[in-house]
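Visitor: Quick one, structure for this:
(one chain, ligands or ions: 3)
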Amino acid sequence: MCGILGLLLHDPNTDSAAEICEGLSLLQHRGQDACGIVTCGPKGRFYQCKANGMVRDIFDTNSISRLIGGMGVGHVRYPTAGSFNNAEAQPFYVNSPYGIVFAHNGNLINTTSLLQYMDATAHRHINTSSDSELLLNIFANNLQQTGKFRINEEDIFTALGGMMKQVRGAYACVAMLAGFGIMAFRDPNGIRPVGMAVRKSGSGNDYLFSSESVVADAGGFGEWQDVRPGEAIIITRSRVSRCQVAPPATFAPDIFEYVYFARPDSVLDGISVYRSRMAMGDALADEVQRVLTENNLTVDVVIPVPDTSRVAALNLAQKLQLPYREGFVKNRYVGRTFIMPGQEMRKKNVRRKLNAMALEFVGKNVLLVDDSIVRGTTSKEIVQMAKDVGAKKVIVASCAPPIRFSNVYGIDMPSRMELVAHGRDTDSIASAIGADLVIFQTLPDLIESVRQFNRDITAFDCSVFTGDYVTGDVDEKYLLHLESLRADNARGKAMGIPAEALAAERINGVKTNGVHDEKGSDVTLGSDVHPTVNGSDDTVGLHNSWQQS
Ligand SMILES: O=P(O)(O)OC[C@H]1O[C@H](OP(=O)(O)OP(=O)(O)O)[C@H](O)[C@@H]1O
Ligand SMILES: NC(=O)CC[C@H](N)C(=O)O
Ligand SMILES: [Mg+2]
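Guide: Ligands and ions are numbered 1, 2, ... in the order given. The predicted structure follows:
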């Protein structure tokens, strides 16, 4: 899950970077690995700063002051494709045609054939393993087909429509064309969120695109509208143009946004994340009551697992008329552990992040409530912590059903083997995490908790629970391929060799010594610079060769 943002200020002489940076910090929960901003200044020149790290690490007054221009695009990254390399930090840039900057949230599933097309037909070089760089180049290649010196909105819509026919998977994107404007679009299933908002500014309007509405609220923007599935919106200094560029498919936003990813104060596709989490707590209370009765067990206290589960846990406790206690105190300086790279780091950080207060546990039957159990990293650690400080029985309740299948749409769970619920029933999940009992929300209850707030949405992407993928094209062969890539990543890390080289070895039988060939290598331009700040006349700067027609 990544965070994307675009801003166009009415006054071209006001710089947008500080506000984009502020917005990115509000989207930090969507990606902690890398971040970046590209602005467009006078003469259509781009200025960029991006690198691995959190927003507060990468941007300071100095770097922001060098990002000139009244429009720009920002990104916070949680990698799902490629690597954690600096060079895969976004936004991405291509100089041809016209100068395009691009930020992507989601994950493509037909990258193999798209890469072949890029190489053999479009003759475009893809310099990283990022699916986002690939997506940008598909779009750029389509735009190039116009062969025009100056293009207009219609041309862009046509290029995007073509792109949506070529690519499969999930993508919510924000892009910027040099000297022209910003745009946002969403895949035909609307799997990942992005919306638009407007703010009065002097005699005109400022425009914002963002993954979540919280950025609009904080910046004083109103009239939040979600980009529709398969729709593209282009904003220039003179007009806003909207177009349904792909035929509508089943609208299926990812339900995991409501369970875990999004901030509670955001409203996505007309549904308050906060309200949906309250409803999840209410529904889970009924299931907890049923299972406790069945097992002849009672609970003394409800304890949330900070942070995300708090809202649901409080509602659950109120409904069951049980005491609610903040038994785990969170170190506010440690980020989200689920989106950290590598199992070792995730495990270590659960302990660093949460501390159990013995007096809330000792001698009690405790019900720990979490939003989800994915790899079981958190639940295994906290169950042990609860027992260490004297809990009598530890029962874990999850607001989401068991997660047994890979995610292919922008959450880094490509391998079923990593998932604690894969191939396990509820009892064996309980013993895997060391709990006395585990209680899961049912899928119909989860769906109803979210859907009750917008009945126009008839489907959600629930593939991690069901193994049914809304885009199709995800078969056993593809899932096995993903799993082998993950294994390559782990092996490559241990050997200090890029995963791509190991994958090539596995697929082609070519032995690797860690030296990369020209295609598909991880030798990247500028990746050793930390952070890369471009803005001088000889860097990413572009001339005003492209104007609105
Ligand atoms: O079973 P796991 O693989 O551990 O994943 C699930 C856990 O990870 C997330 O917490 P995280 O610490 O990322 O964020 P939070 O502080 O927002 O709850 C989520 O809220 C669960 O607690
Ligand atoms: N989580 C995401 O949305 C990731 C975007 C893109 N697939 C990347 O890996 O950079
Ligand atoms: Mg959590």
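
Visitor: can we go C-alpha only for contacts and neighbour counts from here?
Guide: OK.

Visitor: longest helix anywhere in the chain?
Guide: Looking only at the chain and at elements set by DSSP state H, the helix with the highest residue count is helix 273-294.

Visitor: That one packs against which elements?
Guide: With contacts defined as 3 or more CA pairs under 8 Å, 6 or more residues apart in numbering; DSSP states H and E, the secondary structure elements packing on helix 273-294 are helix 310-320, strand 393-398, strand 437-440, helix 443-451.

Visitor: will you turn those into a markdown table that also has mean neighbour count and mean pLDDT?
Guide: As requested, the helices and strands packed on helix 273-294 are exported to a markdown table (neighbours: other CA atoms under 10 Å; pLDDT from 0 to 100):
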| stretch | mean neighbour count | mean pLDDT |
| --- | --- | --- |
| helix 310-320 | 22 | 98 |
| strand 393-398 | 25 | 98 |
| strand 437-440 | 23 | 98 |
| helix 443-451 | 19 | 98 |
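
Visitor: Just send those back as JSON lines, with distance to ligand 1 too.
Guide: Formatted as JSON lines, these follow (distance: least, CA to the nearest ligand atom, whole Å):
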{"stretch": "helix 310-320", "distance to ligand 1": "9"}
{"stretch": "strand 393-398", "distance to ligand 1": "9"}
{"stretch": "strand 437-440", "distance to ligand 1": "13"}
{"stretch": "helix 443-451", "distance to ligand 1": "16"}
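
Visitor: Got the phi and psi for whatever residue of the stretch 401-549 of the chain ends up closest to ligand 2?
Guide: Checking the stretch 401-549 of the chain residue by residue against ligand 2 with CA to the nearest ligand atom singles out Gly410 as nearest, at 4.3 Å. Gly410 adopts backbone torsions of phi 120, psi 10, taken as degrees, to the nearest 10.

Visitor: Quick check: the gap between it and Gly31.
Guide: When CA to CA, to the nearest Å is applied, the distance between Gly410 and Gly31 equals 11 Å.

Visitor: Give me the common contacts of these two.
Guide: Listed as contacting both Gly410 and Gly31 by CA atoms under 8 Å, 6 or more residues apart in numbering are 1-2.

Visitor: burial count for Leu7?
Guide: For Leu7, the neighbour count with other CA atoms under 10 Å is 29.

Visitor: Can you tell me the SS state at the nearest residue to it once chain neighbours are set aside?
Guide: Closest residue to Leu7 in three dimensions, ignoring its sequence neighbours and counting by CA to CA, 6 or more residues apart in numbering: Leu208, at 4.7 Å. Three-state call for Leu208 (DSSP: H, G, I helix; E, B strand; the rest coil): strand.

Visitor: Run a quick neighbour tally on Leu208.
Guide: Around Leu208 there are 31 other residues, counting by other CA under 10 Å.

Visitor: That one contacts His10, correct?
Guide: No: in terms of CA atoms under 8 Å, Leu208 does not count as a neighbour of His10; the distance is 11.1 Å.

Visitor: would you list every one of the strands in the stretch 301-450 of the chain?
Guide: The residue ranges that make up the strands of the stretch 301-450 of the chain, judged by DSSP state E, counting those that start in this stretch, are 301-304, 328-330, 354-356, 365-370, 393-398, 437-440.

Visitor: Next, the angle strand 365-370 makes with the fifth one.
Guide: Angular relation of strand 393-398 and strand 365-370 on a 0 to 180 degree scale: 20 degrees, by axes from the mean of the first three to the mean of the last three CA atoms, to 10 degrees.

Visitor: partners of strand 393-398 in the sheet?
Guide: Next to strand 393-398 in the sheet, as set by DSSP bridges, lie strand 365-370 (parallel), strand 437-440 (parallel).

Visitor: Show residues contacting that strand.
Guide: Residues outside strand 393-398 that contact it (CA under 8 Å, 6+ apart): 284, 288, 364-373, 379, 383, 386-387, 435-441.

Visitor: the inter-axis angle of it versus helix 310-320?
Guide: Angle between the axes of strand 393-398 and helix 310-320 is 120 degrees (criterion: the same axes, to 10 degrees).

Visitor: Just the CA trace of strand 393-398, in CSV.
Guide: Below are the C-alpha coordinates for strand 393-398, written out as CSV (Å, rounded to 0.1, in the frame of the first residue of the first chain):
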residue,chain,number,x,y,z
LYS,A,393,-5.9,-17.3,29.9
VAL,A,394,-5.3,-15.4,26.6
ILE,A,395,-8.0,-15.3,24.0
VAL,A,396,-7.3,-13.4,20.7
ALA,A,397,-10.1,-12.0,18.6
SER,A,398,-9.6,-10.7,15.1
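
Visitor: If you count neighbours, what's buried in the helix or strand containing Arg199?
Guide: For Arg199, the host element (DSSP states H and E) is strand 195-201. Counting neighbours by 16 or more other CA atoms under 10 Å, one finds that the buried residues in strand 195-201 are 195-199.

Visitor: for stretch 450-464, same thing?
Guide: Of the residues in stretch 450-464, those buried (16+ other CA under 10 Å) are 450-451, 453, 457, 459-464.

Visitor: Give the full set of residues in contact with the residue nearest to Arg242 when sequence neighbours are not counted.
Guide: Using CA to CA, 6+ apart and skipping residues adjacent in sequence, the residue nearest Arg242 is Ile233, 4.4 Å away. Ile233 is in contact with 183-185, 227, 240-243, counting by CA under 8 Å, 6+ apart.

Visitor: Neighbour-wise, which one of the residues you listed leads?
Guide: Sorting the contacts of Ile233 by how many neighbours each has (other CA under 10 Å) puts Phe185 first, at 31 neighbours.

Visitor: what pairs with it across the strands?
Guide: Where Phe185 sits in a bridge, its partners, by DSSP bridges, are Cys173, Ala232.

Visitor: interface residues of this protein facing ligand 2?
Guide: Contact residues of the chain with respect to ligand 2, defined by CA under 6 Å from any ligand atom, are listed as 1-2, 77-81, 104-107, 130-132, 410-411.

Visitor: The strands paired with strand 393-398: which one's closest to Gly472?
Guide: Judged by CA to CA, the one of the strands paired with strand 393-398 that comes nearest to Gly472 is strand 437-440, at 27.2 Å.

Visitor: Run through who's touching the closest one.
Guide: So strand 437-440 is contacted by 284, 287-288, 291, 394-402, 426-427, 429-430 (CA under 8 Å, 6+ apart).

Visitor: at 6 Å what do you get?
Guide: Applying CA atoms under 6 Å, 6 or more residues apart in numbering, the contact partners of strand 437-440 are 395-398, 401, 430.

Visitor: So, low pLDDT: which residues of the stretch 351-500 of the chain?
Guide: Where the stretch 351-500 of the chain drops to pLDDT under 70, the residues are 486-500.

Visitor: rewinding a little: now do the residue of the stretch 401-549 of the chain closest to ligand 2: how many residues are near it, please.
Guide: Once other CA under 10 Å is used to define contacts, Gly410 is seen to have 24 neighbours.

Visitor: Can you tell me, leaving aside adjacent residues, what's nearest to it?
Guide: Spatial nearest neighbour of Gly410, chain neighbours left out: Gly106 (4.1 Å); criterion: CA to CA, 6+ apart.

Visitor: Pretty sure that neighbour sits in a strand.
Guide: Yes: the secondary structure assignment for Gly106 places it in a strand, going by three-state DSSP.

Visitor: Could I get the pLDDT score of it?
Guide: Per-residue confidence (pLDDT) for Gly106: 97.

Visitor: what pairs with Gly181 across the strands?
Guide: In beta-bridge terms (that is, DSSP bridges), Gly181 pairs with Leu177, Thr236.
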